[in-house]
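Q: Have a look at this prediction, sequence included:
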Amino acid sequence: MSYVDEVIEKVIAKNPSEPEFHQAVKEVLESLRVVVEANEEKYRKEAVLERLVEPDRQIKFRVPWVDDNGNIQVNTGYRVQFNNSIGPYKGGLRFRDNVNLGIIKFLGFEQIFKNSLTGLPIGGGKGGSDFDPKGKSDREVMAFCKSFMTELYRHIGADVDVPAGDIGVGGREIGFLYGQYKRITGLYEGVLTGKGLSYGGSLARTEATGYGLLYFTDEMLKQNGQTLQGKTVVVSGAGNVAIYATEKATQLGGKVVALSDSTGWIYDAEGIDLKAVKEIKEVNRARLSEYTKYRPNAKYTEGKGIWSVKCDVALPCATQNELDIEDAKMLVANGVIAVAEGANMPTTIEATQYFQENGVLFAPGKAANAGGVATSALEMSQNSERLSWTFEEVDAKLKDIMVNIFAKLSDAAERYNAKGNYVLGANIAGFEKVVDAMLAQGV
Ligand code: NDP
Ligand code: 2IT
């Protein structure tokens, strides 16, 4: 059996109830097959793949807190420190009811390669909890965050592990978490990113993932003889990534006609009114169904179905496995030319292959959404030098980083005779730097 197949089998046998983690490992190792085969003896001897798929450590802890009725609630917290070969562990925290160890591990594993692609010195990690801030009062969210940090603080640090936001963790949560870290340790250091601007946050971090996704998409289109100008765009999700993806897509001449949340989706043929969406989501923390109050001509549909909307460019920005083979078939039948992942692993493996077989430009999340963590690394730099850069400075660096990532993907794909296969290119380019650092540092 080939080394890659052996390791995939071992991962499934050792971690039987973690389907998302299996999926992420399979996707990466399938791409690496060509590289591994060329170095099989050495990699086997060094156990490179076994070392890559086993996190450095997995921390799981109890998070007790008191709700507004005086009842004690208990959630589970996680931090998976996956690989710190090229820098301190770096990756977000996800607060969502469906969070479990397998989901955190898939996200942490993806983060290793994503962070490597940014070109900045950051390792891979991820964390979170099965706590969902939706529908909770500010006091309840604060109580949860304080309890979560009361355990997490001992495992992190500005040079050790630097968490940030992800689904369910935005500026409010980061503020409460940072306050508790500082209270316990007495340290005023860049231990979290995505901080508020008044206490060490970076300008453009809020916008970075969505903006970066569009800088990447724009570059991918340009290098393939297209532009965003006049294109119809569908964005799923209505959170941090989706909102700023919509903003930049519009600035670059595209027309975004649909958005979704976990309850339903909106279609607005005249183009999404982003001011309304920001008020609904960022200010009122409400449901997307409210949108038709602002725009009576728009249509709200309960449940799934956003990928049935005809578009040129599709940007899945909500969650894992939200775009399956049936969705891919609809998008292709409707003439989609490019799909770029703002979320982490939103496209199933079958759907990804279907896009690639049908000549659709497909950008994997670990490259296309890397602008968020890249700007987090820029926030770390600013914290270290105790300075803050202007919005224009950070935005220009972000754009450069995304254009560079595209070049790295293209180059790696071409080197392995797979021109235009950006999935292969991303996994190989991300892997090369990490494996080099791992081997240099010994067992
Ligand atoms: P937010 O919490 O701000 O927004 C998430 C959005 O996705 C919401 O509209 C939410 O709907 C929807 N959503 C979440 N879970 C589900 C689900 N299970 N089914 C359907 N819809 C769902 O998160 P972000 O925008 O930060 O994150 C979105 C994606 O982007 C995630 O995959 C994340 O890992 C990835 N990402 C985020 C980065 C960042 O910097 N924030 C960086 C790189 C990737 P509802 O409001 O109903 O819950
Ligand atoms: O998936 C991701 O890259 C993030 N949620 C951002 C992580 C970070 O450290 O900024």
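A: That came through fine. Ligands and ions are numbered 1, 2, ... in the order given.

Q: Distance-wise, check residue 136 relative to ligand 1.
A: According to C-beta to the nearest ligand atom, to the nearest Å, residue 136 and ligand 1 sit 13 Å apart. For glycine as for every other residue, the C-beta is placed from the backbone atoms N, C-alpha and C.

Q: and the helix or strand hosting residue 405, what does it pack onto?
A: Residue 405 belongs to helix 391-415 when elements are defined using DSSP states H and E. Helices and strands touching helix 391-415, by 3 or more C-beta pairs under 8 Å, 6 or more residues apart in numbering; DSSP states H and E, are helix 101-117, helix 205-223, helix 365-368, helix 371-385, helix 422-441.

Q: Just confirm residue 22 contacts residue 11, I think it does.
A: Yes: using C-beta atoms under 8 Å, residue 22 makes contact with residue 11 at a distance of 6.4 Å.

Q: Comparing those two, which residue is more hemmed in?
A: Using other C-beta atoms under 10 Å, the more surrounded residue of residue 22 and residue 11 is residue 11, with 23 against 18.

Q: just checking, the more buried one touches residue 19?
A: No: the criterion here is C-beta under 8 Å, and residue 11 misses it with residue 19 at 11.4 Å.

Q: re earlier: run through who's touching the helix holding residue 405.
A: Applying C-beta atoms under 8 Å, 6 or more residues apart in numbering, the external contacts of helix 391-415 come out as 117-120, 202-205, 207-208, 211-212, 215-216, 219-220, 223, 367, 370-371, 374-375, 378, 419-422, 424-426, 428-429, 432.

Q: ok, now with 7 Å
A: 117-119, 202-204, 208, 211-212, 215-216, 219-220, 223, 367, 370-371, 374-375, 378, 419-422, 424-426, 428-429 (C-beta atoms under 7 Å, 6 or more residues apart in numbering).

Q: In the stretch 101-250 of the chain, mark out all the helices, start to finish.
A: Secondary structure of the stretch 101-250 of the chain by DSSP state H, counting those that start in this stretch: the helices cover 101-117, 138-152, 171-185, 205-223, 240-251.

Q: Can you say which of these is packed in most?
A: Neighbour counts (mean count of other C-beta atoms under 10 Å) averaged over each of the helices of the stretch 101-250 of the chain peak at helix 101-117, with a mean of 26.

Q: What helices and strands are in contact with it?
A: Helix 101-117 sits against helix 19-38, strand 72-83, strand 89-95, strand 123-129, helix 365-368, helix 422-441, with contacts defined as 3 or more C-beta pairs under 7 Å, 6 or more residues apart in numbering; DSSP states H and E.

Q: Take these and write them to JSON lines, including distance to residue 308.
A: As requested, the helices and strands packed on helix 101-117 are exported to JSON lines (distance: least, C-beta to C-beta, whole Å):
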{"stretch": "helix 19-38", "distance to residue 308": "24"}
{"stretch": "strand 72-83", "distance to residue 308": "35"}
{"stretch": "strand 89-95", "distance to residue 308": "28"}
{"stretch": "strand 123-129", "distance to residue 308": "31"}
{"stretch": "helix 365-368", "distance to residue 308": "22"}
{"stretch": "helix 422-441", "distance to residue 308": "25"}
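
Q: Is it possible to get JSON lines of the ones you listed that adds mean pLDDT?
A: JSON lines is the format used below for those (pLDDT from 0 to 100):
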{"stretch": "helix 19-38", "mean pLDDT": "97"}
{"stretch": "strand 72-83", "mean pLDDT": "98"}
{"stretch": "strand 89-95", "mean pLDDT": "99"}
{"stretch": "strand 123-129", "mean pLDDT": "98"}
{"stretch": "helix 365-368", "mean pLDDT": "98"}
{"stretch": "helix 422-441", "mean pLDDT": "98"}
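
Q: For this protein, what lies in contact range of ligand 2?
A: Residues of the chain lying near ligand 2 by C-beta under 6 Å from any ligand atom: 90-92, 114, 164, 166, 193, 344, 372-373, 376.

Q: repeat that with 8 Å
A: Residues of the chain that fall close to ligand 2, judged by C-beta under 8 Å from any ligand atom: 90-92, 94, 107, 110-111, 114-115, 122, 126, 162-166, 193-194, 205, 209, 344, 365, 369-370, 372-373, 375-377.

Q: which ones among these come in contact with ligand 1?
A: Counting by C-beta under 8 Å from any ligand atom, 92, 94, 107, 114, 164-166, 194, 205, 209, 344, 365, 369-370, 372-373, 376 from the residues of the chain next to ligand 2 sit close to ligand 1.

Q: how close does the nearest residue to residue 262 once chain neighbours are set aside sit to ligand 1?
A: Nearest-residue entry for residue 262: residue 318, 7.6 Å, with adjacent residues in sequence omitted and distances by C-beta to C-beta, 6 or more residues apart in numbering. According to C-beta to the nearest ligand atom, residue 318 stands 4 Å off from ligand 1.

Q: ditto for residue 274
A: For residue 274, the distance to ligand 1 - C-beta to the nearest ligand atom - is 14 Å.

Q: neighbours of that residue, just the number please.
A: For residue 274, the neighbour count with other C-beta under 10 Å is 15.

Q: what sits against it?
A: If you count contacts by C-beta under 7 Å, 6+ apart, residue 274 has them with 243, 246-247.

Q: repeat that with 10 Å
A: When contacts are counted by C-beta atoms under 10 Å, 6 or more residues apart in numbering, residue 274 touches 243-244, 246-247, 250, 256, 259.

Q: now swap in residue 42 and tell me
A: 36, 48, 439.

Q: Please list all residues in contact with the last one.
A: Okay, so that is residue 439. Applying C-beta under 10 Å, 6+ apart to residue 439 gives the contacts 42-43, 46, 48, 51, 85.

Q: Tell me the one among the residues you listed nearest to ligand 1.
A: Among the contacts of residue 439, residue 85 lies closest to ligand 1 (C-beta to the nearest ligand atom), at 20.9 Å.

Q: and the residue nearest to the closest one when sequence neighbours are not counted, what does it touch?
A: Sequence neighbours aside, residue 437 is the residue nearest to residue 85 in space, at 4.0 Å (criterion: C-beta to C-beta, 6+ apart). For residue 437, the contact set (C-beta under 10 Å, 6+ apart) comprises 83-87, 116, 121, 123.

Q: burial count for residue 305?
A: Residues near residue 305, counting by other C-beta under 10 Å, number 15.
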